[in-house]
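*Asks:* This is the structure alone, sequence omitted:
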């Protein structure tokens, strides 16, 4: 959501801080800021705040609470009958803080919460758009973010009474390393889903209010995505193989699931593509294993634009070097400026000649290529082969 400092200023009598300070206020207390262009902010409003902050007025109300500045005109708010009960002690206990009752009550005022106090108990009612405040932890979170989590002191966790047995963890890591050796890639998919046995009381995304009961659906969707982009990473004979290890939440209890997109033949016929790792005997399997440490290579930028594939084949004399033939294609494609990779597709002999086929992947770093552009490059490649005396099939 893009919003300017000038449009926000229309909601306030007092002069607002500069755009950088407004961005910092949102970042530390409410929203992510994707970018700043001049005096315009690109504000990322998460689904749990879409009900009250999807408009310019809603964002201005939030800024009013953060900066404790009065609005030029207060919004007309309605309040439901449901309330959340909590105490200053409970709020501080949840946050690990030591905020005073006066500070907590001031946050309630700034957030336009209706509060009825009986003794030490607050009965808090949020305005109707704030449907994300449904329990004491939600109220405590509001206090923490408005007053600032930098005011919550860091506390070291107590030491464990006994050394942690890492054999099971090492067993899982050994299994993962073996899958990587077999050509699999590990993925991590979304735990939240549209339907499930466990429904969240306060989902981050209201379109995904449940916890997954299996990895199957999300892993298959990840595989479909991987297949779409496979030509960028794999030769024509290769294919993506992925796996995931993650918690699932069926009605009979949470457990850790392994799911693969295909079997590993070396593991035997009894092993399928899914396993319950919470009951698998992995301690002995990982007892003396040292998990591999993978070193990241140099970062290479990648294109966000679509790629195009084209195939070409030609007849050549039997003494023709395949590497030299591929280099002819590569040189011409590179000269035209949009070649990403070339892979051998096929080879066969007939009547004293050899046929080689190649797949070329085209992609630009700066724009979407057109079929006409790629067609011209393919014509250049064809002419380069003909000039060598080769017959293009």
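*Replies:* Structure received. A quick note: this is a predicted structure, and the numbers were derived from the prediction, not measured.
*Asks:* quick one: the helices in the stretch 251-393 of the chain?
*Replies:* Assigned by DSSP state H, counting those that start in this stretch, the helices in the stretch 251-393 of the chain fall at 283-286, 322-335, 371-387.
*Asks:* Show me what the longest one is packed up against.
*Replies:* Translated: helix 371-387. strand 308-316, helix 322-335, strand 353-362, strand 391-392 (3 or more CB pairs under 8 Å, 6 or more residues apart in numbering; DSSP states H and E). Glycine gets a C-beta too; all of them are placed from N, C-alpha and C.
*Asks:* Out of the ones you listed, flag the one nearest residue 345.
*Replies:* With distances scored as CB to CB, the stretch of the helices and strands packed on helix 371-387 nearest to residue 345 is strand 353-362 (4.0 Å).
*Asks:* Just the buried positions in that closest one, please.
*Replies:* 354, 356, 357, 358, 359, 360, 361, 362 (16 or more other CB atoms under 10 Å).
*Asks:* Please parse the protein into its domains.
*Replies:* The chain resolves into domains spanning 2-67, 84-151, 167-286, 308-392 when parsed by automatic domain parsing.
*Asks:* Work out the gap between the longest one and the centre of the chain.
*Replies:* Per CA atoms, centre = their mean, to the nearest Å, the displacement of domain 167-286 from the mean C-alpha position of its chain is 16 Å.
*Asks:* what's the straight distance from one end of that domain to the other?
*Replies:* Domain 167-286 has an end-to-end distance of 5 Å (CA to CA, to the nearest Å).
*Asks:* Begin at 750, not 1, for the rest of this chat.
*Replies:* Got it, first residue is 750 now, which makes that one domain 916-1035.
*Asks:* Distance of residue 754 relative to residue 774?
*Replies:* 12 Å (CB to CB, to the nearest Å).
*Asks:* still on that earlier bit, turn the domains of the chain into a markdown table, columns for distance to residue 906 and mean pLDDT.
*Replies:* What follows is the domains of the chain, written out as a markdown table (distance: least, CB to CB, whole Å; pLDDT from 0 to 100):
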| stretch | distance to residue 906 | mean pLDDT |
| --- | --- | --- |
| domain 751-816 | 25 | 94 |
| domain 833-900 | 11 | 95 |
| domain 916-1035 | 19 | 92 |
| domain 1057-1141 | 46 | 89 |
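*Asks:* out of those domains, nearest to residue 824?
*Replies:* It's domain 751-816; of the domains of the chain, that one is closest to residue 824 (CB to CB) at 5.9 Å.
*Asks:* how long is that closest one from one end to the other?
*Replies:* 20 Å.
*Asks:* what do you get for stretch 1034-1052?
*Replies:* End-to-end distance of stretch 1034-1052 (CA to CA): 42 Å.
*Asks:* Pipe the helices and strands packed on helix 1120-1136 into CSV and attach distance to residue 784 per row.
*Replies:* Shown next, in CSV, are these (distance: least, CB to CB, whole Å):
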stretch, distance to residue 784
strand 1057-1065, 30
helix 1071-1084, 34
strand 1102-1111, 30
strand 1140-1141, 48
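*Asks:* For residue 1018, which of these is the nearest?
*Replies:* strand 1102-1111 (34.7 Å).
*Asks:* on that earlier part again, so which of the helices and strands packed on helix 1120-1136 is nearest residue 917?
*Replies:* That would be strand 1102-1111 among the helices and strands packed on helix 1120-1136, by CB to CB, at 42.4 Å.
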